[in-house]
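A.B. asks: have a look; sequence and predicted model below, questions after that.
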Amino acid sequence: MATSKSTNTYNRQNWEDADFPILCQTCLGDNPYIRMTKEKYGKECKICSRPFTVFRWCPGARMRFKKTEICQTCSKLKNVCQTCLLDLEYGLPIQVRDAALKVQDDLPRNEVNKEYYIQNLESQLSNSDPTQPTNSLKSKGSSDLLVRLARTAPYYKRNRPHVCSFWVKGECRRGEECPYRHEKPTDPDDPLADQNIKDRYYGVNDPVAEKLMRRAAAMPALPPPEDKTVTTLYVGNLPDNVTEDELRGHFYQYGEIRCLTLVPRAQCAFVQYTSRNAAEHAAEKTFNRLVIFGKRLTIKWGKSQGRQGLTEKNDGVPMLEPVPGLPGTLPPPPAYLHPFPPQMPPPPNRPNDFFNLHHYGGPGWGPWGPPGMAPPPPPAPLPAPLRLHYPSQDPARLGAHAHTNAPQI
């Protein structure tokens with residue numbers, strides 16, 4: 001009786017043989033010198049069930065060993081990493097990426113149809129130009145959701161070892177030499193504890209993707225201020241090597257810039273637009289989306305021009321901030337420092353005195369003005385100034401003591 005043979009037995013020539021895996025930077029690790037083992041036809045792909053070359057390596061110190069899970073054909077079909085199955089460009093699950101780009105998955109689920117589809121796809125990839133992008137997803141463009149959720153730096157925490165099961169039971173005797181984590185395990189009721197590699201690849205029922213979608217829905221917005229005169233944006237978290245020309249190149253596309261001030265010491269900048277519409281357009285397009293040199297910039301609105309005017313004098317000189325702990329205003333000066341006592345108004349303005357016209361006022365004019373005008377009452381005598389005494393003025397405290405044996409001069 002003849003035994004049935006699988007399709008892989010007849011199509012062994014289509015098994016995958018690769019020289020290097022398709023990995024993301026997070027799975028590859030931060031160590032530029034790693035030792036990687038290669039096993040030809042080591043395992044079956046968890047998507048298409050075809051044997052492929054398995055790579056195994058350690059991404060860094062105190063990290064767990066990782067290996068490839070799917071073949072390179074399935075990886076190129078979805079543009080994902082062979083190990084974590086996250087998008088190579090954004091570092092996001094396939095479900096989030098397809099929802100943002102509105103991509104429909106047409107990969108067949110049946111084993112026979114799936115193998116036939118993948119074989120035809122692999123033949124197309126082998127006949128195509130290797131310099132051209134093989135994935136149609138790269139030509140879909142981008143979206144605001146992907147830019148806001150995309151990772152700008154590797155997340156090496158994902159490579160940590162698994163939780164030690166012996167430590168959970170209280171039986172681990174290795175101590176610090178244990179290669180596994182001694183931490184509290186994930187709650188079994190947590191949706192993130194139940195992850196399936198096929199669900200992630202096909203983009204259905206992925207708990208990580210659902211968590212990211214909820215995070216995107218709850219992201220804060222940047223409402224414009226009520227003061228219409230505010231046209232300045234604050235840009236924070238700048239890289240150290242960023243220049244003013246690079247910032248101007250990013251923000252000039254939203255409108256005409258009046259001035260751009262770069263503060264390298266504080267790692268921030270202020271961008272002032274000529275119009276309010278340009279500032280609102282720039283704030284909408286760059287909030288939680290602008291990434292320069294791998295760092296996501298912080299975008300906020302500048303201060304109100306009206307509030308700044310309250311803290312300035314009429315001549316434009318800014319006023320000093322009050323010192324904490326001191327009174328806000330100084331006490332009034334003493335009465336004797338006034339040019340005129342409070343009870344006595346200053347003398348009226350007499351043009352005759354100023355221009356010396358009492359000599360030419362004609363007959364009958366007195367020294368104080370027209371005839372019959374009495375002289376003003378004499379001013380009240382000013383009080384004697386108070387004598388201030390300081391302890392340092394005491395001769396006894398300055399070391400002047402009487403000595404009986406001092407020589408007589």
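C.D. replies: Everything's here; your move.
A.B. asks: so this structure: which segments form each domain?
C.D. replies: In the assignment given by automatic domain parsing, the structural domains of the chain cover 12-219, 232-310.
A.B. asks: with mean neighbour count added, can I get these in TSV?
C.D. replies: Placement of C-beta: from N, CA and C, glycine included. What follows is these, written out as TSV (neighbours: other Cβ atoms under 10 Å):
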stretch	mean neighbour count
domain 12-219	15
domain 232-310	16
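A.B. asks: how about the ones you listed in CSV, adding distance to residue 226 and mean pLDDT?
C.D. replies: Putting the domains of the chain into CSV (distance: least, Cβ to Cβ, whole Å; pLDDT from 0 to 100) gives the following:
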stretch, distance to residue 226, mean pLDDT
domain 12-219, 22, 83
domain 232-310, 9, 84
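A.B. asks: okay if I get these as a markdown table plus distance to residue 378?
C.D. replies: As requested, those are exported to a markdown table (distance: least, Cβ to Cβ, whole Å):
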| stretch | distance to residue 378 |
| --- | --- |
| domain 12-219 | 80 |
| domain 232-310 | 47 |
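A.B. asks: out of these, nearest to residue 377?
C.D. replies: Closest to residue 377 of the domains of the chain is domain 232-310 (Cβ to Cβ; 45.2 Å).
A.B. asks: tell me which element residue 171 is part of?
C.D. replies: Element membership for residue 171 (DSSP states H and E) is empty, with no helix or strand holding it.
A.B. asks: wait, is residue 270 part of a strand?
C.D. replies: Yes - assessed with DSSP: H, G, I helix; E, B strand; the rest coil, residue 270 lies in a strand.
A.B. asks: which element is the spatially closest residue to it that is not a sequence neighbour on?
C.D. replies: Nearest residue to residue 270, sequence neighbours excluded (Cβ to Cβ, 6 or more residues apart in numbering): residue 261, at 4.6 Å. Remark: residue 261 resides in strand 257-263, with elements defined by DSSP H and E.
A.B. asks: pull the residues that contact that strand.
C.D. replies: Under the criterion Cβ atoms under 8 Å, 6 or more residues apart in numbering, residues 231, 238, 242-244, 247-248, 251, 269-274 lie in contact with strand 257-263.
A.B. asks: any idea how far residue 48 is from the closest residue to residue 82 other than its chain neighbours?
C.D. replies: Closest residue to residue 82 apart from its sequence neighbours, by Cβ to Cβ, 6+ apart: residue 68 at 4.1 Å. If you measure residue 68 against residue 48 using Cβ to Cβ, to the nearest Å, the figure is 13 Å.
A.B. asks: need the contact partners of stretch 57-70.
C.D. replies: Outside stretch 57-70, the residues within contact range by Cβ under 8 Å, 6+ apart are 21, 23, 27-31, 34-37, 45-48, 52-56, 82-83, 85, 156, 159-162, 179, 197, 201.
A.B. asks: show me what the longest strand along the chain is packed up against.
C.D. replies: Of all segments of type strand in the chain, defined using DSSP state E, the longest is strand 36-44. Other helices and strands packing on strand 36-44, by 3 or more Cβ pairs under 8 Å, 6 or more residues apart in numbering; DSSP states H and E, are strand 51-57.
A.B. asks: what helix or strand is residue 95 located in?
C.D. replies: Per DSSP H and E, residue 95 falls inside helix 94-101.
A.B. asks: coming back round to it: just the CA atoms of the strand holding residue 261, as PDB, please.
C.D. replies: Output in PDB follows, covering the C-alpha atoms of strand 257-263 (Å, rounded to 0.1, in the frame of the first residue of the first chain):
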ATOM      1  CA  ILE A 257       8.300  82.400   8.900                       C
ATOM      2  CA  ARG A 258       8.900  85.800  10.500                       C
ATOM      3  CA  CYS A 259      11.800  84.700  12.700                       C
ATOM      4  CA  LEU A 260      13.200  81.500  14.100                       C
ATOM      5  CA  THR A 261      15.200  81.500  17.300                       C
ATOM      6  CA  LEU A 262      17.300  78.500  18.200                       C
ATOM      7  CA  VAL A 263      18.400  77.900  21.800                       C
END
